[in-house]
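1. I'll drop the sequence and a predicted model, then ask my questions.
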Amino acid sequence: MIEFNPVRLEDKQTIERYTMPSGIYNCDLAFANMYCWQAMYHSAWAEIDGFLVIRFHIGGGEKIGYMQPVGKGDFAGIIPALREDAHAHGQRLRIIGLTDEGREMIRNMHVGEFAFESDRALEDYVYNADDLRNLTGRRYQPKRNHINRFMAEYPDFRYEELTRDRFGECMQLEREWRRAHEGHTSELCAEQRAMMRAFDHFEELEMLGGCIYVGDKLVAFTYGSAVNDHTFDTHVEKADTDYDGAFTVINKLFAQHLPERFTMINREEDLGIEGLRQSKLSYHPAVIQHKFAAIHLHPDEIACKELWTAAFGDDEQFIDSFLMRYYSRRRMLTAECDGRTAAMLHLVPFDSELGRTTYVYGVATAPEFRRRGLADKLMREAMRLIAERGDDAALLIPSDEWLHGFYRKYGFEGNIPTTFASEDGFDFGTGDAAKDLAMVWRRNPSEPQPETLHCTYRNGR
């Protein structure tokens, strides 16, 4: 097991010896973020063969993850050591925050052993600093108009450096801001704790910040720290929304007051909040930094991926998304031949107008093992399980017209337009809505078939 150390203030120099020259934009590699969010993520660090590795608790939960190792050269050689460390904690290896280059390093050295996915809600928005400082050109005209309206309405506004004597006012404004955003209270409470830690150690963390006042009233503040030698990360930006334009003004003035060595500014992720996404896009990022997550696959998952590719020809991104979000070994039925997984299907739980509904998904047989009755064997077992656990209905979408006759043997009928819903919008259909025509099995076959079907993914089974 690797000896990891909790992130402490005295570790700043050692950690930044790796992160500052790295050129990686990822906001999670800013030392101040690691330190200030310690209560939630329990971040710890280690040096392994010339690389810095950060281990943390994903989302503050039980699962541990490892940030992309930072150092010179290809880090793929230390992956086995990370895998052993994860196994020592009873977990599989999860690597979080991979850049495109980092993903390729793992993919090339550990072929077929990992699944990869980037969550759009967690990708960082990175801007050319001069764009935010100057807002020049037609695309920034709306921003300039917004600032001009603010300046005309509040001619007594002023910009001030964020200093220790202003921290109390900032926390009060944050509390007011939080009350107006009750839909995200859990995240904001964690953010408040991180802010308090930042203010307690502002100078040691080499934070920089700014404030906007209208008269004597604080209406906006922001602060952040360096991610690397040329990229600044804006950790927090808050404003009183009664002062229209305060966000736009502080964004521009703060960028102008940053040292010129910062040529890029990271304004972090949008958390999937649509309004925040549109706001960040309206500033025209130079880079939207992918942050891939990778999981080390178990043998059954590798077999599933190989068979899925051979049978359906779907791209790797789609298969990896299924494996990382919805795959469950206990919901997959397989048939083995010559020591290989020759056929499979998945029983995915949904709710629909028909009640508890199982989607018989990804029915596949490897080309070299077809015409041996393997799919028939799996379908019979699937229908036995579906009936045994008392589901009201089952559905499947045949990939070819001739398969309708095959599936009728198991009680499936119809050609029903079907839609699917899940929290992350995963496409359980064919990729073409016009072809998402389901055959349905009902526990009571005398009940009529619906004209359309809407299925919502059900967690917990």
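-> Good, I have the coordinates. Residues are numbered from 1 along each chain as shown.

2. OK, contacts around residue 275?
-> By C-beta atoms under 8 Å, 6 or more residues apart in numbering, no residues touch residue 275. All C-beta atoms are positioned from the backbone trio N, CA, C, and that covers glycine.

3. helix or strand for it, which one?
-> Applying DSSP states H and E as the criterion places residue 275 in helix 274-281.

4. what do you get for residue 405?
-> Using DSSP H and E, residue 405 falls within helix 403-408.

5. could you dump the helix holding residue 275 to CSV, C-alpha only?
-> Presented in CSV, the C-alpha positions along helix 274-281 are these (Å, rounded to 0.1, in the frame of the first residue of the first chain):
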residue,chain,number,x,y,z
GLU,A,274,-28.2,25.3,-17.2
GLY,A,275,-28.1,29.0,-16.3
LEU,A,276,-24.5,28.7,-15.1
ARG,A,277,-23.6,26.9,-18.3
GLN,A,278,-25.0,29.6,-20.5
SER,A,279,-23.3,32.2,-18.5
LYS,A,280,-19.9,30.6,-18.8
LEU,A,281,-20.4,29.9,-22.5
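
6. you'd agree residue 150 is up against residue 247?
-> No: with contact defined as C-beta atoms under 8 Å, residue 150 does not count as touching residue 247 (9.7 Å).

7. residue 47: what's it in contact with?
-> By C-beta under 8 Å, 6+ apart, residue 47 lies in contact with 14, 53.

8. let me redo that: residue 167
-> Shown in contact with residue 167 (C-beta under 8 Å, 6+ apart): 199, 202.

9. any idea of the pLDDT on it?
-> Per-residue pLDDT puts residue 167 at 96.

10. quick one: it from residue 243, how far?
-> According to C-beta to C-beta, to the nearest Å, residue 167 and residue 243 sit 20 Å apart.

11. tell me the centre residue of this protein?
-> residue 119 (2.9 Å; C-alpha atoms, centre = their mean).

12. once you drop chain neighbours, what's closest to that residue?
-> Nearest non-adjacent residue to residue 119, counting by C-beta to C-beta, 6 or more residues apart in numbering: residue 293, 7.0 Å away.

13. hey, which helix or strand in the protein has the poorest pLDDT?
-> The helix or strand of the chain with the lowest confidence, counting by mean pLDDT, DSSP states H and E, is helix 185-200 at a mean of 82.

14. one step back: pLDDT value on the residue nearest to the centre of the chain, please?
-> Here the pLDDT value assigned to residue 119 is 89.

15. that one and residue 271 touch, don't they?
-> No: using C-beta under 8 Å as the test, residue 119 is too far from residue 271 to be in contact (10.0 Å).

16. shaky segments in this protein?
-> For the chain, the stretches flagged by pLDDT under 70 are 181-188, 460-461.

17. what domains does the record give for it?
-> Here the domain parsing of the chain from automatic domain parsing is 5-122, 124-284, 330-457.

18. could I get these in TSV, plus columns for distance to residue 313?
-> Shown next, in TSV, are those (distance: least, C-beta to C-beta, whole Å):
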stretch	distance to residue 313
domain 5-122	16
domain 124-284	30
domain 330-457	11
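
19. for those, which one sits closest to residue 301?
-> Nearest to residue 301, of all those, is domain 5-122, at 7.3 Å by C-beta to C-beta.

20. report the distance from that closest one to the chain centre.
-> Centroid separation between domain 5-122 and its chain, computed with C-alpha atoms, centre = their mean, to the nearest Å, is 15 Å.

21. show me what residue 365 is bridged to.
-> When assigned by DSSP bridges, residue 365 has beta-bridge partners residue 343.

22. surely it and residue 311 touch.
-> Yes: assessed by C-beta under 8 Å, residue 365 is found in contact with residue 311 at 6.7 Å.

23. show me which of the two is the more surrounded one.
-> More crowded of residue 365 and residue 311, by other C-beta atoms under 10 Å: residue 365, with 22 against 18.

24. show me what contacts the closest residue to residue 139 other than its chain neighbours?
-> Leaving aside its chain neighbours, residue 139 sits nearest to residue 284 (5.8 Å; criterion: C-beta to C-beta, 6+ apart). By C-beta under 8 Å, 6+ apart, the residues touching residue 284 are 127, 131, 139-140.

25. residue 341 and residue 385, how far apart?
-> The gap separating residue 341 from residue 385 is 18 Å, by C-beta to C-beta.

26. between the two, point out the one with more neighbours.
-> The residue with more neighbours, out of residue 341 and residue 385, is residue 341; 20 against 15, by other C-beta under 10 Å.

27. any idea whether the more buried one is helix, strand or coil?
-> Under DSSP: H, G, I helix; E, B strand; the rest coil, the three-state class of residue 341 is strand.

28. what do you get for residue 336?
-> strand.

29. was I right to think it contacts residue 342?
-> Yes: the pair residue 336 / residue 342 is scored as a contact, 6.3 Å apart, by C-beta under 8 Å.

30. okay, those two: which has more neighbours?
-> Using other C-beta under 10 Å, the more surrounded residue of residue 336 and residue 342 is residue 342, with 21 against 12.

31. just give me how far stretch 287-294 sits from the chain centre.
-> For stretch 287-294, the distance from its own C-alpha centre to the chain's C-alpha centre is 8 Å (C-alpha atoms, centre = their mean).

32. just stretch 198-215 next, same as before
-> Distance of stretch 198-215 from its chain centroid, counting by C-alpha atoms, centre = their mean, is 29 Å.

33. quick one: buried residues of that stretch?
-> 198-199, 202, 205, 207-214 (16 or more other C-beta atoms under 10 Å).

34. which ones among those lie within helices?
-> Using DSSP state H, the subset of the buried residues of stretch 198-215 located in helices is 198-199.

35. which ones among the buried residues of stretch 198-215 map onto strands?
-> 208-214 (DSSP state E).

36. how about TSV for these, with distance to residue 62 added?
-> What follows is those, written out as TSV (distance: C-beta to C-beta, whole Å):
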residue	distance to residue 62
208	35
209	34
210	38
211	39
212	41
213	44
214	46
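
37. widest-spaced pair of those residues?
-> 208 and 214 (22.1 Å).

38. for residue 296, which non-adjacent residue is spatially closest?
-> Nearest non-adjacent residue to residue 296, counting by C-beta to C-beta, 6+ apart: residue 93, 4.0 Å away.

39. circling back: just give me the closest of the buried residues of stretch 198-215 to residue 326.
-> For the buried residues of stretch 198-215, the minimum distance to residue 326 (C-beta to C-beta) is 37.8 Å, reached by residue 198.

40. quick check, that closest one in contact with residue 223.
-> Yes: in this structure, residue 198 is within contact of residue 223 by C-beta under 8 Å, at 6.9 Å.

41. need the overlap of contacts for the two.
-> Common neighbours of residue 198 and residue 223, using C-beta under 8 Å, 6+ apart, are 207, 235-236.

42. which residues does stretch 353-361 contact?
-> 345-351, 379, 382, 386, 390-396, 428, 440, 442, 450, 453-455, 458.

43. please disregard the earlier target; I meant stretch 170-177.
-> Under the criterion C-beta under 8 Å, 6+ apart, residues 162, 192, 195-196, 199, 211, 218-221, 238-241 lie in contact with stretch 170-177.
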